[in-house]
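*Asks:* One predicted model, sequence on top.
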There are 2 protein chains.
Amino acid sequence: MGHLQMNQRRNPTAKSLGEHKIIQLIQEHLTSMPNMPVPFGDDVSAVNIDEKRVAVLKTDMLVAKTDVPDEMTLFQAARKALIMNISDFASKSVQPTAALVGLGLPAEFSQKNIEEVADGLNAGAQEYGAFIIGGDTSETSDLIISISLYGTAQKSTLMLRSGAKPGDVLAVTGFFGKSAAGLRLLLSECVTSKTAKALVDAVLMPKARLAEGLALGGCGAVSASMDSSDGLAWTLHELARLSNVGFELEMVPVAPEVKRFAELNSLDASELALYGGEEYELVLTVKPERWNAAVATVEAVGGQLLPIGKAIEEKRILLRTEDKLVPIEARGWEHFKSEV
Amino acid sequence: MGHLQMNQRRNPTAKSLGEHKIIQLIQEHLTSMPNMPVPFGDDVSAVNIDEKRVAVLKTDMLVAKTDVPDEMTLFQAARKALIMNISDFASKSVQPTAALVGLGLPAEFSQKNIEEVADGLNAGAQEYGAFIIGGDTSETSDLIISISLYGTAQKSTLMLRSGAKPGDVLAVTGFFGKSAAGLRLLLSECVTSKTAKALVDAVLMPKARLAEGLALGGCGAVSASMDSSDGLAWTLHELARLSNVGFELEMVPVAPEVKRFAELNSLDASELALYGGEEYELVLTVKPERWNAAVATVEAVGGQLLPIGKAIEEKRILLRTEDKLVPIEARGWEHFKSEV
């Protein structure tokens, strides 16, 4: 083994470590806050305000180089930076109140560009009832939009990643695969169809399931919840790991437009839906006796709750096909490791 | 006038606009939150928790390319990212409770580099009683550390930028110019002296005046306060503008080490102290009848409060020299405009 390889093994780079291992490494070097109401590794962080209420905080950074396709406008990119964070709040059933913006701008960015970013930030916040109340700007090589989101919640209504029990219904708030298909449409020569706009819109103008998340927190039916921005498969593995269960899926919730797109382009629709990422549906588990109440709650706010399987004792993520159980792999989109 | 110049005038770049104008532009495009307890443009942002308490939030981004001299270790850079934010909390008299970290890492960053950053982040937070409770990591060209700080405070103890009245004592929590001198020592061929370490330490291991700020908030003597990270002169202009007063300085609080450094290097010590920036002293105004109480309060926590002048009706920032009043210019370190 060469010296460089030895050195690389002892002191690997960010690229070889990948986002998840990097975050784990950093956590190991941090002093934990006593009595954290939400543990490290959940979608959001939180601090106790009093016995019942918590302040909920989240930061997520949009980097144009990796997170913004060329076809996305600056308005859309700035709006998306908000959506990424609001989706995490939605998955915990927390209304975002205020956002701060850490904006890294290239020196040659124009006034019009800056105004377009400001409009996109404001639109993303206002769409979900939040306000941008402050921020900071610095000079950077890439366009960088680092959002910090704040809200408060009753501790009792927070939907953490860790509460799923065997027998709980596994559910999602919508169909998957549109972002992955839309991104392929934007990047490559894929055959388009009548539904191309819906697929491309999923990339350019994503929505957060805030109404659904807020409604579900109040109904007490959800045992675990997570947003699906790292992809459905990865989300299932994380939910399972943190809840100490497994999942058996009856079906992969592939969007109808994605099925058609996959057929036209000889792609695997399930692959797009499971491993695509950059989607903002909620993936959650519901206590079986409260299933009907949960469905009614979500439908009352104009959403849908699709049952796709159940939590099981065995610590595996399995998909039931016609004649067998197939494991779903623990992969998805990951910063540093995934190719853009 | 050439076409390019015309175009540049109608659609100027971030570099020609400068940080302050960029922030103003962005604000003009944002919907204001009703009943903001702290207005746009103060050192921190805040949201009401109940009638008496506020949640205080701040984000500030450290970009290695512009904010980190080559001689600064990664530990020091990460620690400094915390200090920059904690200093703003100090100036408002708010204890920071928790921090989130948005970390942008170059792909070739090594595991050891990452661990050093994590240790610096933790050290900066722990030094001031805060905990890092979450974050996010992305791939960027530059090393970027975007900190979001959270704490709560009684609304009545917040020290805003806007309350100075003519006749109030203008005071600072320490002497100025060390960072500017230290940076010159690091960057150039300046003559060093026995005090070089103190100057260089001011750059590499800055301190936030949190104990002083917290003590002063409780004593009810301070009418306005701001941190001095953009430089003393700029801070005075901002405090004056937001309080609708002017200031008359009796002296420039130049650190003794800076006087010696300036003499050895034929530099203007006052220039270093007024326009240097990257310093984390508090600049505040104190009601004259509460001056002694304020001094006693700060000394009780091991700090000092130096009177340097007074607030005046006339909206100018003036320095009294032996025989005349000299205006202090409204300039300091500004992202985009200042050369690194």
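*Replies:* Arrived safely, thanks for sending. Residues are numbered from 1 along each chain as shown, chains lettered A, B, ... in the order given.

*Asks:* where along the stretch 101-250 of chain A do the strands fall?
*Replies:* A:131-139, A:144-154, A:169-172, A:222-227, A:246-249 (DSSP state E, counting those that start in this stretch).

*Asks:* Among those strands, which comes closest to A:Thr66?
*Replies:* Closest to A:Thr66 of the strands of the stretch 101-250 of chain A is strand A:144-154 (Cβ to Cβ; 10.4 Å). Heads up, the C-betas are built off the backbone N, CA and C, glycines and all.

*Asks:* Turn the strands of the stretch 101-250 of chain A into CSV, columns for mean neighbour count, distance to B:Glu299 and mean pLDDT.
*Replies:* Output for these, formatted as CSV (neighbours: other Cβ atoms under 10 Å in any protein chain shown; distance: least, Cβ to Cβ, whole Å; pLDDT from 0 to 100):
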stretch, mean neighbour count, distance to B:Glu299, mean pLDDT
strand A:131-139, 24, 33, 96
strand A:144-154, 26, 36, 98
strand A:169-172, 24, 61, 98
strand A:222-227, 26, 51, 98
strand A:246-249, 22, 62, 98
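
*Asks:* With distance to chain B as extra columns, can I get those strands in TSV?
*Replies:* Listed next are the strands of the stretch 101-250 of chain A as TSV, based on distance: least, Cβ to the nearest Cβ, whole Å:
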stretch	distance to chain B
strand A:131-139	3
strand A:144-154	4
strand A:169-172	23
strand A:222-227	13
strand A:246-249	26
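
*Asks:* low-scoring stretches of the stretch 201-340 of chain A, by residue?
*Replies:* A:333-334, A:337-340 (pLDDT under 70).

*Asks:* Spell out which residues of the stretch 201-340 of chain A are next to chain B.
*Replies:* Contact residues, the stretch 201-340 of chain A versus chain B (Cβ under 8 Å from any Cβ of the partner chain): A:335-336.

*Asks:* which residues in the stretch 201-340 of chain A form helices?
*Replies:* Ranges of helices in the stretch 201-340 of chain A, per DSSP state H, counting those that start in this stretch, are A:210-219, A:232-243, A:256-264, A:269-275, A:291-300.

*Asks:* which one of the strands of the stretch 101-250 of chain A lies closest to B:Arg320?
*Replies:* Among the strands of the stretch 101-250 of chain A, strand A:131-139 sits nearest to B:Arg320 (Cβ to Cβ), with 34.6 Å.

*Asks:* longest helix anywhere in chain A?
*Replies:* Among the segments of chain A that qualify as a helix by DSSP state H, the longest is helix A:74-92.

*Asks:* Check which helices and strands that helix is in contact with.
*Replies:* strand A:53-63, helix A:64-67, helix A:111-127, strand A:144-154, helix A:210-219, strand A:222-227, strand A:282-286 (3 or more Cβ pairs under 8 Å, 6 or more residues apart in numbering or on different chains; DSSP states H and E).

*Asks:* ranking these by burial, who's on top?
*Replies:* For the helices and strands packed on helix A:74-92, the largest average neighbour count (mean count of other Cβ atoms under 10 Å in any protein chain shown) is found in strand A:282-286, namely a mean of 28.

*Asks:* from the chain's centre, how far out does it sit?
*Replies:* Chain-centre distance of strand A:282-286: 13 Å, with Cα atoms, centre = their mean, to the nearest Å.

*Asks:* likewise stretch A:57-66?
*Replies:* The answer for stretch A:57-66 is 12 Å, by Cα atoms, centre = their mean.

*Asks:* nearest to B:Leu249, of the helices of the stretch 201-340 of chain A?
*Replies:* Short answer: helix A:210-219, nearest of the helices of the stretch 201-340 of chain A by Cβ to Cβ, at 51.2 Å.

*Asks:* still on that earlier bit, mind giving me CSV with the helices and strands packed on helix A:74-92 and columns for distance to B:Ile308?
*Replies:* Listed next are the helices and strands packed on helix A:74-92 as CSV, based on distance: least, Cβ to Cβ, whole Å:
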stretch, distance to B:Ile308
strand A:53-63, 37
helix A:64-67, 44
helix A:111-127, 37
strand A:144-154, 35
helix A:210-219, 50
strand A:222-227, 52
strand A:282-286, 56
